[in-house]
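Show me the folded form of this:
(2 chains)
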Protein chains: 2
Amino acid sequence: MSSTTSSLTPTAVVPVDGPVAPRASHVRRRPLAFGDVTIGAGGFLGRWQSVNRDATIPHVLAQLEAAGTIDNVRRLVGLSDADHRGFNFVDSDIAKTLEAIAWEAGRVPDDQPWERQAQELVALLAAAQRDDGYLHSLYRGDEVFADLRWGHELYVLGHLVQAAVARARTTGRTDLLDVARGFADLAVRRFGPGGQVGYCGHPEVETALVELYRLTGERSYLDLARSQVDQRGSGVLGSGPFEPAYHQDHVPVREATEVAGHAVRQAYLAAGVADVVAETGDPELLAALLRLWDSAQATSTYVTGGTGSRHKDEALGDPFELPPDRAYAETCAAVATFQWAWRMLLLTGESRFADEMERTLHNAIRASTSADGTRFFYSNPLQVRTDHDGSSEFSPAGRLPWFACACCPPNLARLVASLQGYVATRDDRGVQLHLYTDAEVAVGASRFTVSTEYPWDGRVVVDAGPNGLAEDLSLRVPGWADPAAARLVVDGVERPVVVVDGYARVSGPASRIELDLPMPVVAVAAHPRVDAVRGCVALRRGPVVFCVEQAGLPAGIVLEDLALVPGSPLRTVGPVAGVDAPVAVEAVVVHRPASGGPLYRPVGSGVVGTPGVPPVERRLTVRAVPYHCWASRGPGAMRVWMPVAERQ
Amino acid sequence: MSSTTSSLTPTAVVPVDGPVAPRASHVRRRPLAFGDVTIGAGGFLGRWQSVNRDATIPHVLAQLEAAGTIDNVRRLVGLSDADHRGFNFVDSDIAKTLEAIAWEAGRVPDDQPWERQAQELVALLAAAQRDDGYLHSLYRGDEVFADLRWGHELYVLGHLVQAAVARARTTGRTDLLDVARGFADLAVRRFGPGGQVGYCGHPEVETALVELYRLTGERSYLDLARSQVDQRGSGVLGSGPFEPAYHQDHVPVREATEVAGHAVRQAYLAAGVADVVAETGDPELLAALLRLWDSAQATSTYVTGGTGSRHKDEALGDPFELPPDRAYAETCAAVATFQWAWRMLLLTGESRFADEMERTLHNAIRASTSADGTRFFYSNPLQVRTDHDGSSEFSPAGRLPWFACACCPPNLARLVASLQGYVATRDDRGVQLHLYTDAEVAVGASRFTVSTEYPWDGRVVVDAGPNGLAEDLSLRVPGWADPAAARLVVDGVERPVVVVDGYARVSGPASRIELDLPMPVVAVAAHPRVDAVRGCVALRRGPVVFCVEQAGLPAGIVLEDLALVPGSPLRTVGPVAGVDAPVAVEAVVVHRPASGGPLYRPVGSGVVGTPGVPPVERRLTVRAVPYHCWASRGPGAMRVWMPVAERQ
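Numbering: from 1, shown residues only, chains lettered A, B, ... in the order given. Take a look at the predicted model:
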């Protein structure tokens, strides 16, 4: 193995940074240090982190072993004689798991249950690494970098680097960093200045290289990230079984106007570009990112925050193509959107990016994992029909323990383990709170606790103790909230809620801040061009999208035969048995049985008739449950978008 | 090569049978001899046959050469040193083309322009055939029959047999039959009694083997077809990248209750099962076929007759999952449905099967081919959005000359060349007319001409000359027609239209029969469970479905912003420039521009609001054109299902 591991710069060995730690001043907000925020174990995000630690990470480790993913590396050093198993990118699942373990080591430094396993894995990777730094469990000879379009080698490098950076940041250990830098230095030699023009068919290394630069100060990593971004879209990947857009090779990033192609690749690329902008301030790339973001938000994002409308090619699909039933909405795409959004938030300080982090986290991402943390959705549909064929891994009737393509579970594990890194930021004037959950925050002279039942209740209490806040605190007023209905009480005195750029700012030395965001149940309609949900609304309460399931309906009532009664009330009620959420939504529906009958029927001869609906048989109330809890009562029909009946 | 080619039974060498020629008496209707019907060149089907002969078949032959499909066979005998190109089933494209040429030889016996080419191809296939009869351009050694799930070897055999049967029937030539029987006999030895339990991952050989039995009288072919059907669903194909339903291996045929899996495989299998029933009378299989048919019609067929709702796995999808935009509706699936329907018609005599042949032929199938016969759709969506990414071969912006998977064009060629075989049937009481087009019919003592502008005008005139009909003639009254509005005039005398089992029967010796089926434009609504077209209607006139295209709309009007005005008239008008059809449909729409704006918006807080629509800017009229002509004015947005505006 080459000995390219230069000594770390002093700042890098101090285990303070969380995910994404910009060096340059091209960001308007800066992340806090990783230890500055402690998420309370009792809140929504804290419970999730506990489940992630207690169940998901051990489960993922066991599955990596069972699936042969670790054996794939062992065979390189003669410790396994099994054939390589899985796709050519499965090494990344090991890396993402190591990254999750690293963030856990930073989150709970006093108890690192997987450190021995981590060291063994790192030693295994180090032993398997070639002298020139190359490290991939499948490719050894002529295949090395022979198929940039599908080889996933730089993608694997990217995840390796992210794991190494996390491990160095939270534990100070550089063992994995040595391995990652060996591979990264090879990439620099091969694809850096004067080297081969080429980039990976699956973006990911860009964001990782920028993080590696941030940790090490080694400029060549940033330069490679930038050149990877600048080269992309020149078509060198060629065409194959997938379209160029699938590999994000259809257009140069600077010229891109709308999101396209493979949803995960698009969002990872955008995140990497944002990292490059954070370090370079490149205004043209920032403008491209804003165009891409706007197009995703305007035409290509599900109401749950999921993206990717097509199972075929895991693609975003056309603008306004947002079918709820065939929503692919891959878990990793939602994770990638979250990561992209965080970087946009740092770059711009605009609350809309935190809004999207919140939406995605509480809906598309949370839905992907069972309450017990050991079963997962790969795709996250917004509708399941009665008689759905749930035999496919990609449209299953329920969450599954693992996948042939198992990218999502370890991706969840690393995100959830690092959530405290995304709760707040700071700038020269103070601190900004973005994600609401029970937490303790200690940044510089500012120390305060956050108490809330969020996302089930919109009351957020900040307690800064008798000395009060040392600097300004900005609290996000989410896009879903009605600012006119919000209340802000500072040290017992009600203040007008003045929302600037999406935040209500409170200056020090306030001791106790209460922000109350009422959470009525809201009926949400989609843009008229979203043909797939014409005539329907979705129910949302705070950031949480709800769904109606066949489970819980009276006997003889089929979900598809229900329609919401226009003008009827939408009420928050208590929990539903078998659903891990403290609230549900009660709605009034009509039952219009429509089983049987022809698939098509004339409704007008020589004249435009109206489609019509079957007669109403009865009214009843149903309880909608949080979308992220769907299928927890077993398989069955589900829908987020409910038809609204005609006014009688 | 083995010498298993027994002499043909006397009936087989008489070139009279068309496609599907049952031997046994388990059918209620019998096909006419292939020469009994001559489709007039001036009608809709006749023009299509002319284009097929003049353009499609030469085009297909040239493409087979250009794509290397023929070279694949040449390389086996040292006549080409090119690598094998294309999928492992491309040999079937040669066979389908030979079948098309064979039907043409029967249709126009005096002019067989491709006979020399056909003989060369047959000689090439014979030379490439192994001594044991095996014939496949890709597999030679250990791969032979090693992967029944994906190998497509029996599928290739099936098409080879169909071509050989057609060639023997129409020309009396047994050269290709010798080759096909050599391969078929190998299949009998390998998979017949006492042999390997196994069947092809792509059904097709079943129908072919029954036809081979019909031609040769060799019972082992029928027995193999039957055992293939009976074995299927036992799971021996195992699971792979596709679900068992993809390969029609999820359930035994006798137990099947609903169509599932790969759309083409499902319909080909059903056609083969129907052939088995025709020869065996198996009531259990017939019951299964009827269940499958009913489920397809009730839940899984587009209004165009297309089937297959998913690009992913080319699958039928869940019941009522019928998205117009992502309709896969593969051309071959429509062809297969047509073939299945014909066999069901023979088995049952019920007009609903002829109705489906008509619907599929005039919409899903015809739409797949350009007016000039040299460009094709592989998938046949019912909607294309503004800003559609048409770069994919499977959702292109326009018809393409060829495909990486080129199954559809030669499938079209063989179907269109044999259309006269599907126009009429007979039973003991007389003749039944199923497809209306200009034609001359001479069956036994019955000789008559059919004159009609169908499908543009519903007036059908049968002229039996001064001697009149020698036996009963039953004229189909299509499901789309209103029997109460139909008129029947026999020898100048109006008669009540009595429809029995879908047909109006006229007894001899009538000389002139006029059946007039009025064709108002009808608004058609879908079953309420078809979520994807909620609030929409389709426009149909006679059997022809219409669509509205961006092409032809006034400047500044975007198709997606239009909605039909309820209660407004739907009028038949003259042709539209650039569209190869004599009629169009004029409809009144409102323009409600909806560009811009948020993707989701609240429409009720604590209450169910209605989705709402943008305000109407103006009314205008639009001209809908036959769906099968779509994209003939260039790429652009298109929709079959039009929203209906709320009543003002």
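
Tell me the residues of the stretch 451-600 of chain A that contact chain B?
Within reach of chain B by Cβ under 8 Å from any Cβ of the partner chain, the stretch 451-600 of chain A has these residues: A:482, A:520-538, A:540, A:560-561, A:564-571, A:587-588, A:592, A:594, A:597-600. No exception for glycine: its C-beta is placed from N, CA and C like everyone else's.

Which ChimeraX command selects the buried ones in those?
The buried residues among those can be selected in ChimeraX (16 or more other Cβ atoms under 10 Å in any protein chain shown) with this line:
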select /A:520,521,522,523,524,525,526,527,528,529,530,531,532,533,534,535,536,537,538,540,560,561,564,565,566,568,570,571,587,588,592,599,600
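
Show me where chain A dips below the pLDDT cut-off.
Chain A contains residues with pLDDT under 70 at A:1-15, A:648.

residue furthest from the geometric center of it?
In chain A, the residue that sits farthest from the middle, by Cα atoms, centre = their mean, is residue A:606; the gap is 51.1 Å.

May I have the phi/psi pair for the closest residue to that residue other than its chain neighbours?
Spatial nearest neighbour of residue A:606, chain neighbours left out: residue B:520 (4.4 Å); criterion: Cβ to Cβ, 6 or more residues apart in numbering or on different chains. Reported as degrees, to the nearest 10, the phi and psi values for residue B:520 are phi -70, psi 160.

what's the neighbour count on residue A:627?
Counted with other Cβ atoms under 10 Å in any protein chain shown, residues neighbouring residue A:627 total 26.

brain fart, residue A:293
Residue A:293: 23 neighbours (other Cβ under 10 Å).

in the stretch 151-300 of chain A, which spans are helices?
Using DSSP state H, counting those that start in this stretch, the helices of the stretch 151-300 of chain A run over A:153-171, A:175-191, A:205-216, A:219-231, A:263-280, A:283-299.

likewise the stretch 301-450 of chain A?
A:331-348, A:351-360, A:366-367, A:408-417.

what is the orientation angle of the longest one with helix A:351-360?
Same thing as helix A:331-348. Angle of helix A:331-348 versus helix A:351-360, following axes from the mean of the first three to the mean of the last three Cα atoms, to 10 degrees, is 160 degrees.

Skip the chain neighbours and tell me the closest residue to residue A:66.
residue A:402 (7.7 Å).

Tell me, how many residues neighbour the one you found?
By other Cβ under 10 Å, neighbour count at residue A:402 equals 20.

For residue A:48, which non-adjacent residue is spatially closest?
That would be residue A:416: by Cβ to Cβ, 6+ apart, it lies 5.7 Å from residue A:48.

re earlier: which one of the helices of the stretch 151-300 of chain A lies nearest to chain B?
With respect to chain B, and counting by Cβ to the nearest Cβ, the nearest of these is helix A:283-299 at 5.7 Å.

Check whether that closest one comes near chain B.
Yes: Helix A:283-299 reaches chain B (Cβ under 8 Å from any Cβ) through A:297, A:298, A:299.

The second one and residue B:599 touch, don't they?
Yes: shown here, residue A:298 and residue B:599 form a contact pair, counting by Cβ atoms under 8 Å, at 5.7 Å.

what's near enough to touch the closest residue to residue A:36 other than its chain neighbours?
Distance criterion Cβ to Cβ, 6+ apart; nearest residue to residue A:36, sequence neighbours excluded, is residue A:443 at 4.6 Å. By Cβ atoms under 8 Å, 6 or more residues apart in numbering or on different chains, the residues touching residue A:443 are A:32, A:33, A:36, A:424, A:426, A:431.

next one: residue A:414
Contacts for residue A:414 (Cβ under 8 Å, 6+ apart) come out as A:96, A:97, A:99, A:100, A:103, A:162, A:166.

Let's verify the fourth one: helix, strand, or coil?
Just to be clear, that refers to residue A:100. What DSSP: H, G, I helix; E, B strand; the rest coil gives for residue A:100 is helix.

distance of it from chain B?
Residue A:100 sits 29 Å away from chain B, going by Cβ to the nearest Cβ, to the nearest Å.

for that residue, what are its contacts?
Contacts for residue A:100 (Cβ under 8 Å, 6+ apart) come out as A:52, A:57, A:60, A:410, A:413, A:414, A:416, A:417.

mind running it again at 7 Å?
Listed by Cβ atoms under 7 Å, 6 or more residues apart in numbering or on different chains, the contact set of residue A:100 reads A:57, A:410, A:413, A:414, A:417.

now swap in the last one and tell me
Going by Cβ under 7 Å, 6+ apart, residue A:166 touches A:99, A:102, A:103.

Repeat the analysis, applying 8 Å as the threshold.
Residue A:166 makes contacts with A:19, A:98, A:99, A:102, A:103, A:106, A:414, A:418, as judged by Cβ under 8 Å, 6+ apart.

and the closest residue to it other than its chain neighbours, how many neighbours?
Leaving aside its sequence neighbours, residue A:166 sits nearest to residue A:102 (Cβ to Cβ, 6+ apart; 3.7 Å). Using other Cβ under 10 Å, residue A:102 has 30 other residues around it.

Quick check: residue A:102 vs chain B, distance?
Between residue A:102 and chain B the computed distance is 34 Å (Cβ to the nearest Cβ).

Touching, that residue and residue A:175? I think so.
No: counting by Cβ under 8 Å, residue A:102 sits too far from residue A:175 to count as a contact (11.5 Å).

hey, what's in contact with both of the two?
Shared contacts of residue A:102 and residue A:175 (Cβ under 8 Å, 6+ apart): residue A:167.

Can you show me the strands along the stretch 401-550 of chain A?
Applying DSSP state E, counting those that start in this stretch to the stretch 401-550 of chain A gives strands spanning A:424-427, A:430-433, A:439-443, A:446-452, A:459-463, A:472-476, A:487-490, A:493-495, A:499-500, A:503-506, A:512-516, A:521-526, A:536-541, A:544-549.

Tell me which residues of the third one come out buried.
When you say that, I think you mean strand A:439-443. Going by 16+ other Cβ under 10 Å, strand A:439-443 has these buried residues: A:439, A:441, A:443.

Before I go, just wanted to say thanks for your time.
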